[in-house]
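> What shape does this take:
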Amino acid sequence: MTRVDDRPVRWGILATGGIAHAFAEDLALEPGSEVVAVGSRSQASADAFGDKFGVPHRHGSYQALVSDPDVDAVYVSTPHPGHHGAALLAINADKAVLVEKPFAMDAAQTREMIDAARSRGTFLMEAMWTRFLPHIARVREILAAGTLGDVVYLTAEHGQWFAEDPQFRLFAPELGGGALLDLGIYPVSFACLVLGAPARITAVSDQAFTGVDATTSMIFQYGSGAHAVLTTTLRASSGNPAAIYGTAARIEIDGWFYTPTTFRVIARDGTELERFDQPYPGRGLRAQAAEVGRCLRAGLTESPLLPLDETYTIMQTMDEIRCQIGLTYPA
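Okay, the predicted model is just below:
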């Protein structure tokens, strides 16, 4: 497995889309990480990315990137349908791998990726960067302390507006488009963080003009009696808040709950028990790189904050939602 000891993790970025640019920008704020290589299906694209971010190694294929001996960890940032194949390339090259969310197109691909990493003893993690942000770390502590009492229900939403362009990846079925996989994964993962895997799922949806889901709403029910009420859409810009309601208190997380943000803990009688407002420079993507570095220095092959078995359970949940709303993709 990859060991980095006390030096920075040397990252190779696989694919050069928008999220790859955001990740590279954030890594400039993370002292334990450096981008040393980029790989694209086009040499020109790799060179342009390398020029922008000062990346020394520019590769015109994904295979060349994962074979680079100076790369410790590969960040897979292709469109969703490319995650599975690119991750397996990196795993088979014995690199640590961080795979952009959603981890794969379905649970079957997820299982294959996890089994491959475990077989080779390589590090693998889903790039659900929210899990590693300071406000979520504090939410975990509050939940563990029992401050809220018994959790009764939670709400979370992720809505953004996009112009109807059939070539844009969120509307393109061949690129794994739709609200659920790209945006809905955030509230689904948040519900699983707080309450675990649901015992029952009810999902409804309306289609976009290309046949992918435009708006999807979900209710998760749990053995404890708790509910999670979640919505995602491509058709409206939301404030994107989240909240957890318990018998003794509630947590209200401010807008864009999955990015660095603030929250309040409010007792049943309305008393404010805590206000969390901790600045965190950057978009938040560097938090996942910091977690990869922490795990590699500790000799871990997966993160205890987002174990691979939990990623698999989340993808099973996504599969059930897709089944209920009739969302399918080209083979």
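
> Where do the domain boundaries of the chain fall?
For the chain, whose domains are defined here by automatic domain parsing, the residue ranges read 9-128, 134-279+315-325.

> tell me the contacts of Asp106?
Met315, Met318, Asp319, Arg322 (Cβ atoms under 8 Å, 6 or more residues apart in numbering). For the C-beta atoms, the positions are set from N, CA and C on the backbone; glycine is no exception.

> Per-residue pLDDT of the second one, please?
In this model, Met318 is scored at 98, pLDDT.

> And what about it, helix, strand or coil?
For Met318, the assignment made with DSSP: H, G, I helix; E, B strand; the rest coil gives helix.

> Could you count how many residues lie near it?
Under the neighbour criterion other Cβ atoms under 10 Å, Met318 is assigned a count of 25.

> Check the last one too.
Arg322 has 21 neighbouring residues, counting by other Cβ under 10 Å.

> I'd say it and Thr328 touch.
Yes - look at Arg322 against Thr328 with Cβ atoms under 8 Å: they come within range, at 7.4 Å.

> where does the residue of the chain most remote from its centre sit relative to Thr247, distance-wise?
Taking Cα atoms, centre = their mean as the measure, the residue most remote from the mean C-alpha position of the chain is Asp269, 35.2 Å away. As for Asp269, its distance to Thr247 is 13 Å (criterion: Cβ to Cβ, to the nearest Å).

> likewise Arg169?
42 Å.

> higher neighbour count, these two?
Between Arg169 and Thr247, counted using other Cβ under 10 Å, the more crowded position is Arg169 (16 against 11).

> what number of residues lie near the residue lying closest to Ala197 once chain neighbours are set aside?
Residue nearest to Ala197 in three dimensions, not counting chain neighbours: Thr313, with 4.8 Å by Cβ to Cβ, 6 or more residues apart in numbering. Other residues lying near Thr313 total 17 when counted by other Cβ under 10 Å.

> circling back: any idea which helix or strand carries the residue farthest from the centre of the chain?
Per DSSP states H and E: Asp269 is located in neither a helix nor a strand.

> Over to Ala24?
Per DSSP H and E: helix 18-27 holds Ala24.

> Give me the helices and strands touching that helix, please.
Here helix 18-27 is seen to pack against strand 9-14, strand 33-39, helix 43-53, helix 286-297 when contacts are counted using 3 or more Cβ pairs under 8 Å, 6 or more residues apart in numbering; DSSP states H and E.

> Also compute the angle for it relative to helix 43-53, please.
What separates the directions of helix 18-27 and helix 43-53 is an angle of 30 degrees, with axes from the mean of the first three to the mean of the last three Cα atoms, to 10 degrees.

> tell me the mean pLDDT over helix 18-27?
Looking at helix 18-27 alone, the average pLDDT works out to 97.

> List the buried residues in it.
For helix 18-27, the neighbour count (16 or more other Cβ atoms under 10 Å) marks Ile19, Ala20, Phe23, Ala24, Asp26, Leu27 as buried.

> what's the answer for stretch 53-66, then?
For stretch 53-66, burial by neighbour count (16+ other Cβ under 10 Å) applies to Phe53, Val55, His57, Arg58, His59, Gly60, Tyr62, Ala64, Leu65, Val66.

> Just send those residues back as TSV, with pLDDT and distance to Val292 too.
What follows is these, written out as TSV (pLDDT from 0 to 100; distance: Cβ to Cβ, whole Å):
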residue	pLDDT	distance to Val292
Phe53	97	18
Val55	98	18
His57	98	19
Arg58	98	22
His59	98	20
Gly60	98	25
Tyr62	98	19
Ala64	98	22
Leu65	98	17
Val66	98	16
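
> Now do the strands in the stretch 201-331 of the chain.
Listed in chain order, the strands found in the stretch 201-331 of the chain under DSSP state E, counting those that start in this stretch are 213-221, 227-233, 242-246, 249-253, 263-267, 272-276.

> mind giving me a markdown table with those strands and columns for mean neighbour count, distance to Phe162 and mean pLDDT?
Written out in a markdown table, the entries for these read as follows (neighbours: other Cβ atoms under 10 Å; distance: least, Cβ to Cβ, whole Å; pLDDT from 0 to 100):
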| stretch | mean neighbour count | distance to Phe162 | mean pLDDT |
| --- | --- | --- | --- |
| strand 213-221 | 22 | 10 | 98 |
| strand 227-233 | 22 | 10 | 98 |
| strand 242-246 | 22 | 21 | 98 |
| strand 249-253 | 22 | 24 | 98 |
| strand 263-267 | 19 | 28 | 98 |
| strand 272-276 | 13 | 31 | 98 |
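
> In JSON lines: the ones you listed, plus distance to Met105.
Formatted as JSON lines, the entries for the strands of the stretch 201-331 of the chain read as follows, by distance: least, Cβ to Cβ, whole Å:
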{"stretch": "strand 213-221", "distance to Met105": "14"}
{"stretch": "strand 227-233", "distance to Met105": "17"}
{"stretch": "strand 242-246", "distance to Met105": "26"}
{"stretch": "strand 249-253", "distance to Met105": "29"}
{"stretch": "strand 263-267", "distance to Met105": "33"}
{"stretch": "strand 272-276", "distance to Met105": "35"}
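
> what is in contact with Asp269 and Thr247 at once?
Once Cβ under 8 Å, 6+ apart is applied, it turns out that Asp269 and Thr247 contact no residue in common.
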